[in-house]
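Engineer: no sequence on this one, just coordinates:
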């Protein structure tokens, strides 16, 4: 089945220690998104790629960066995680932009910062 | 700006009860509207969607009608099951120069008991 895969499902890191979260897709979609979801809150968009074009949301901290080396893979890098960065990180894809385009979500990576 | 307001949870129902989760929105353009469901420990799954006024989205016994005059997209189900226990997110999608983001409500937790 075509899908969005996130690894690992659970990640524990130490305060200030860089961490990378991974997302891959078999849908061959042009757009990939990263959302942050804190406990009992709505997902919040961090950034997205249309193909290799990167768009950062205005309020995404500089501590968060992303890479998309090819169509299938996208990475979220947190350079110096703080306690406030503990959250579920959701990757999503859509075929195109546009109000008709459904976003498909992965299962998420739950990040714990010690 | 664009925003989504959902009724506060948790909503606690007995099996076979009728469910309504209210959702209203504000949007600067002509949005598409979505309901996503998140089961414990999992990512978001699209439940249903509607892309224009008076459209009714339906899936797995859930329904919601796009009401432009009241800017609402209330989720309903005639007879809930224990397996419907999850968090439900109302969301809208409006294209912008930077792309198309999903704007989520805060989510409503549904708990169904047998």
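Structural biologist: Thanks, I have the structure now. Treat the numbers as computed from the prediction; the structure is a model and nothing was measured.

Engineer: which SS state does the residue of chain A most remote from its centre fall under?
Structural biologist: Counting by C-alpha atoms, centre = their mean, the extreme residue of chain A relative to its mean C-alpha position is residue A:100, 21.5 Å from that point. Three-state assignment for residue A:100 (DSSP: H, G, I helix; E, B strand; the rest coil): coil.

Engineer: How about the contacts made by it?
Structural biologist: Applying C-beta atoms under 8 Å, 6 or more residues apart in numbering or on different chains, one finds that residue A:100 lies in contact with B:32, B:51. C-betas here are computed from N, CA, C, even on glycine.

Engineer: Need the pLDDT of it.
Structural biologist: Per-residue pLDDT puts residue A:100 at 72.

Engineer: same question, residue B:52
Structural biologist: Checking the pLDDT column for residue B:52, the value is 91.

Engineer: now swap in the one 5 residues further on and tell me
Structural biologist: Per-residue confidence at residue B:57 stands at 96 (pLDDT).

Engineer: how about it, phi and psi?
Structural biologist: Comment: the main-chain dihedrals of residue B:57 come out as phi -90, psi 140, following degrees, to the nearest 10.

Engineer: before we move on, what about residue A:23?
Structural biologist: Phi and psi for residue A:23, reported as degrees, to the nearest 10, are phi -140, psi 140.

Engineer: so who does residue 92 touch?
Structural biologist: Using chain A here. Counting by C-beta under 8 Å, 6+ apart, residue A:92 touches A:4, A:32-33, A:35, A:103-106, B:44, B:102.

Engineer: please go with chain B instead
Structural biologist: B:2, B:4, B:25, B:27, B:31-34, B:102-103.

Engineer: most neighbours, which of these?
Structural biologist: For those, counting by other C-beta atoms under 10 Å in any protein chain shown, the largest number of neighbours falls to residue B:33: 29 neighbours.

Engineer: give me the beta-bridge partners of that one?
Structural biologist: residue B:50, residue B:92 (DSSP bridges).

Engineer: so where is the chain shaky, pLDDT-wise?
Structural biologist: Since you didn't name a chain, this refers to chain A. Under the criterion pLDDT under 70, the flagged ranges of chain A are A:1-2, A:99.

Engineer: ah, I was thinking of chain B
Structural biologist: B:96-100.

Engineer: What ranges does it have for its helices?
Structural biologist: Taking DSSP state H as the test, none of chain B falls into helices.

Engineer: residues from it in reach of chain A?
Structural biologist: When proximity is defined by C-beta under 8 Å from any C-beta of the partner chain, chain B lies next to chain A at B:29-32, B:34, B:36, B:41-46, B:49, B:51, B:89, B:93-95, B:98-102, B:104-107.

Engineer: Quick one: buried ones out of these?
Structural biologist: B:31-32, B:34, B:36, B:43-44, B:46, B:49, B:89, B:93-95, B:99-102, B:104-107 (16 or more other C-beta atoms under 10 Å in any protein chain shown).

Engineer: ok, now how distant is the most centrally placed residue in chain A from residue A:40?
Structural biologist: A centroid search over chain A (C-alpha atoms, centre = their mean) returns residue A:34, at 2.8 Å, as the residue closest to the centre. Using C-beta to C-beta, to the nearest Å, we find residue A:34 at a distance of 20 Å from residue A:40.

Engineer: Around chain B, pick out the residues from chain A.
Structural biologist: With C-beta under 8 Å from any C-beta as the criterion, chain A comes near chain B at residues A:4, A:6, A:31, A:40-45, A:48, A:50, A:55, A:57, A:90, A:92, A:94, A:97-108.
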